[in-house]
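Engineer: Sharing a model that was predicted from the sequence below.
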Amino acid sequence: KNEVEQSPQNLTAQEGEFITINCSYSVGISALHWLQQHPGGGIVSLFMLSSGKKKHGRLIATINIQEKHSSLHITASHPRDSAVYICAVSERRRNTDKLIFGTGTRLQVFP
Amino acid sequence: DARVTQTPRHKVTEMGQEVTMRCQPILGHNTVFWYRQTMMQGLELLAYFRNRAPLDDSGMPKDRFSAEMPDATLATLKIQPSEPRDSAVYFCASGQGTGTHQPQHFGDGTRLSIL
């Protein structure tokens, strides 16, 4: 079983729909990251959070530490949101942190 | 906007050759990460440095890979000898702070193909 699981693996939506991507993890963490990777490969860090909720424009990220779960929401989705969304956790270890990645959720938003 | 710069963007070479990838972190960032991305494994952390000192290179095959930071403006990742299974996209990222619980800024990656 992977230490970081994302669902769904693939997601299609019509423009304007509300989208939710989920991430569950099984290790103790110091932080959780959401990344966005567009076709062509560039990676952008969207959020880093360790508790509660963060919002940036139409994107909202939440985390529940007790349940070891995070969600990424996109409101009023747009075709330019089409990308792979990757969840990663900073696993807390004794001397250092290790970043562990989920396999990504491929989102396609159609006009 | 400040950016992480990686060179080369693309590299094609024959197996057995030495490959060197370079990364210029954002000025003032004290932490540098090297990642590898493949279709099969997704993104993996290979190594990371803080204040030029290696903190964790447990994800890196030690027999052929080496990572260094000769100075604060340059990080290198070398593969010698290269093998076809090393074909992947290698990303560098930098951040300010400690550990991996910090926002990271990614370069555009080096797409490596080993024939």
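Structural biologist: Arrived safely, thanks for sending.
Engineer: CA atoms for contacts and neighbours, from now on please.
Structural biologist: Noted.
Engineer: partners of the lowest-mean-pLDDT helix or strand in chain B in the sheet?
Structural biologist: Least confident helix or strand of chain B, by mean pLDDT, DSSP states H and E, is strand B:53-56 with a mean of 86. The pairing partners recorded for strand B:53-56 under DSSP bridges are strand B:42-50 (antiparallel).
Engineer: What's the mean pLDDT across the strand it pairs with?
Structural biologist: The pLDDT scores in strand B:42-50 average 90.
Engineer: mind saving the C-alpha coords of the least confident helix or strand of chain B as CSV?
Structural biologist: Output in CSV follows, covering the C-alpha atoms of strand B:53-56 (Å, rounded to 0.1, in the frame of the first residue of the first chain):
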residue,chain,number,x,y,z
ALA,B,53,25.3,20.4,3.2
PRO,B,54,23.6,17.1,2.1
LEU,B,55,20.7,16.3,4.5
ASP,B,56,19.1,13.3,2.9
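Engineer: which residues sit against it?
Structural biologist: Contacts to strand B:53-56, defined as CA atoms under 8 Å, 6 or more residues apart in numbering or on different chains, come from residues A:96, A:98, B:47, B:48, B:49, B:68, B:69.
Engineer: could you redo the last one with a cut-off of 6 Å?
Structural biologist: Residues outside strand B:53-56 that contact it (CA atoms under 6 Å, 6 or more residues apart in numbering or on different chains) are B:47, B:48, B:49.
Engineer: What are the buried residues along it?
Structural biologist: B:54, B:55, B:56 (16 or more other CA atoms under 10 Å in any protein chain shown).
Engineer: Lowest-scoring secondary structure element of chain A by mean pLDDT?
Structural biologist: strand A:97-101 (a mean of 78).
Engineer: next SSE after it?
Structural biologist: On the C-terminal side of strand A:97-101, the closest following helix or strand by DSSP states H and E is strand A:105-110.
Engineer: for that next one, what is the average pLDDT?
Structural biologist: 97.
Engineer: Mind listing what's buried along it?
Structural biologist: For strand A:105-110, by 16+ other CA under 10 Å, it's A:105, A:106, A:107, A:108, A:109.
Engineer: Please identify the one among the residues you listed that lies nearest to chain B.
Structural biologist: residue A:105 (11.5 Å; CA to the nearest CA).
Engineer: show me the contacts for that closest one.
Structural biologist: A:9, A:10, A:84, A:85.
Engineer: What's the separation between the first one and residue A:105?
Structural biologist: Applying CA to CA, to the nearest Å, the value for residue A:9 to residue A:105 is 5 Å.
Engineer: same deal with the second one?
Structural biologist: Look at residue A:10 and residue A:105: by CA to CA, they are 5 Å apart.
Engineer: ok, now residue B:77?
Structural biologist: If you go by CA to CA, the gap between residue B:77 and residue A:105 works out to 28 Å.
Engineer: Show me where chain B has its strands.
Structural biologist: For chain B, the strands defined by DSSP state E occupy B:5-7, B:10-13, B:19-24, B:31-38, B:42-50, B:53-56, B:65-71, B:74-79, B:88-95, B:105-106, B:110-114.
Engineer: circling back: export the buried residues of strand B:53-56 to TSV and tack on distance to residue B:14?
Structural biologist: Output for the buried residues of strand B:53-56, formatted as TSV (distance: CA to CA, whole Å):
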residue	distance to residue B:14
B:54	29
B:55	31
B:56	29
